[in-house]
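1. sequence? don't have it. structure:
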């Protein structure tokens, strides 16, 4: 199908059309964005400067998860905050497609799956953990995550670029996303909706189901552990389970629901794109003694260096 798009820019309605409300939202989202960057970068720097953590596969994957959270937030939040100062919020067709591509890489889904596999091996096959979770395997899993994520995004953006946009260009949203764009296309999009579900919704549901089953196996295996060992295992698994729930519940709500629920997408995406990247570092630091101890040691080290000790 030949793309006959004549639209060169899209107009975003944003979260509110009230100037006073937008000023309040700017302050709120600025604080959230700075806290998100600070929290995720603290995790990355702490792990890199802590040899004991860096050699652990779980924390190796956590570096990439934190970088992804920082990137996801940066893909959406800065543009949204700038738009709060403009009555007419616009984005070019090229910028819209770029944001769509960056937001839909899907790397985080596979990274979370790799982290779940790491926890499964650590708890269910502890004697073989070091021989299974080698640096080579971790590198392969990260490579698969990035390759699979970008392939997913390329498929998504290729589908979108085939749609003709021949007039309507007002998006009732604060960012460019698939479903709002579908409503503007000058063609029947029912087949495209099915493709979106197959490429995004089904992937979310399938991987989420696999993760639930894997953690069911893990929890079942904990029966053989002592009380102390069970608590230690649950502390590391609990953080990951919380992050999985935060990510996949919002993903399923957005991309695996009836098309009649399009109007709820804006509210769901606020949580997925802005709140989840902020909550993830909190989950992994507040619930993890190793991370908290490593952060304290790193802070003491930097203070000592700054004072010339």
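-> Perfect, thanks for sending it. The structure displayed is predicted, hence computed values, not measured ones.
2. ok, which stretches of the protein are strands?
-> 9-12, 89-92, 170-171 (DSSP state E).
3. as CSV, these with distance to residue 61 and mean pLDDT would be great.
-> (C-beta placed from N, C-alpha, C; glycine too.) Below are the strands of the chain laid out as CSV (distance: least, C-beta to C-beta, whole Å; pLDDT from 0 to 100):
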stretch, distance to residue 61, mean pLDDT
strand 9-12, 34, 88
strand 89-92, 33, 88
strand 170-171, 35, 87
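4. got those as a markdown table, with distance to residue 158 and mean neighbour count columns?
-> Output for the strands of the chain, formatted as a markdown table (distance: least, C-beta to C-beta, whole Å; neighbours: other C-beta atoms under 10 Å):
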| stretch | distance to residue 158 | mean neighbour count |
| --- | --- | --- |
| strand 9-12 | 19 | 18 |
| strand 89-92 | 19 | 16 |
| strand 170-171 | 20 | 17 |
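5. among those, which is nearest residue 270?
-> Comparing the strands of the chain against residue 270 with C-beta to C-beta, the closest turns out to be strand 9-12 (13.9 Å).
6. just checking: what are the partner strands of the closest one?
-> Strand 9-12 has the following strand partners under DSSP bridges: strand 89-92 (antiparallel), strand 170-171 (parallel).
7. give me the contact list for the first one.
-> Spelled out, it's strand 89-92. Strand 89-92 is contacted from outside by 8-14, 79, 83, 99, 176, using C-beta atoms under 8 Å, 6 or more residues apart in numbering.
8. one more: the last one?
-> By C-beta under 8 Å, 6+ apart, the residues outside strand 170-171 that reach it are 10-13, 180-181, 184.
9. again with stretch 46-55
-> In contact with stretch 46-55 (C-beta under 8 Å, 6+ apart) are residues 59-60, 62-63, 290-291, 294-295, 297-298, 301.
10. pLDDT weak spots in the stretch 151-300 of the chain?
-> For the stretch 151-300 of the chain, the stretches with pLDDT under 70 are 199-202, 229, 232-233, 235-236, 250, 252-265, 267-268, 287.
11. mind redoing it with 80?
-> 167, 179, 189, 192-210, 219-269, 271-273, 284-290, 299 (pLDDT under 80).
12. got it, and the stretch 1-150 of the chain?
-> Using pLDDT under 80, the flagged stretches of the stretch 1-150 of the chain are 1-7, 103-106.
13. so where do the helices sit in it?
-> 19-48, 51-54, 57-83, 93-103, 107-124, 129-132, 135-161 (DSSP state H, counting those that start in this stretch).
14. the first one: which residues count as buried?
-> Spelled out, it's helix 19-48. Judged by neighbour count (16 or more other C-beta atoms under 10 Å), helix 19-48 contains these buried residues: 22, 25-26, 29, 32-33, 36-37, 39-40, 42-44, 46-47.
15. what pairs with residue 11 across the strands?
-> With DSSP bridges as the rule, residue 11 is bridged to residue 90, residue 170.
16. so it sits against residue 88, correct?
-> Yes - using C-beta atoms under 8 Å, residue 11 is in contact with residue 88, at 6.8 Å.
17. list the contacts of residue 138.
-> With C-beta under 8 Å, 6+ apart, residue 138 has these contacts: 57, 60-61, 114.
18. rerun that using 7 Å as the cut-off
-> 57, 60 (C-beta atoms under 7 Å, 6 or more residues apart in numbering).
19. what about it, distance to residue 61?
-> For residue 138, the distance to residue 61 equals 7 Å [C-beta to C-beta, to the nearest Å].
20. one more: residue 99?
-> 26 Å.
21. between those two, tell me which one has more neighbours.
-> Each of residue 99 and residue 61 has its neighbours counted (other C-beta atoms under 10 Å); residue 61 has more, 23 against 17.
22. chain neighbours aside, what residue packs nearest to the more buried one?
-> Of all residues not flanking residue 61 in the chain, residue 115 sits nearest, at 4.7 Å (C-beta to C-beta, 6 or more residues apart in numbering).
23. surely that neighbour meets residue 59?
-> No - applying C-beta atoms under 7 Å, one finds residue 115 not in contact with residue 59, separated by 9.9 Å.
24. reformat the strands of the chain as a markdown table; add distance to residue 75.
-> Formatted as a markdown table, the strands of the chain follow (distance: least, C-beta to C-beta, whole Å):
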| stretch | distance to residue 75 |
| --- | --- |
| strand 9-12 | 15 |
| strand 89-92 | 13 |
| strand 170-171 | 16 |
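25. among those, which is nearest residue 198?
-> Short answer: strand 170-171, nearest of the strands of the chain by C-beta to C-beta, at 23.7 Å.
26. from the chain's centroid, how far away is that closest one?
-> Relative to the chain's own centre, strand 170-171 is displaced by 25 Å; criterion: C-alpha atoms, centre = their mean, to the nearest Å.
27. brilliant, that's me finished.
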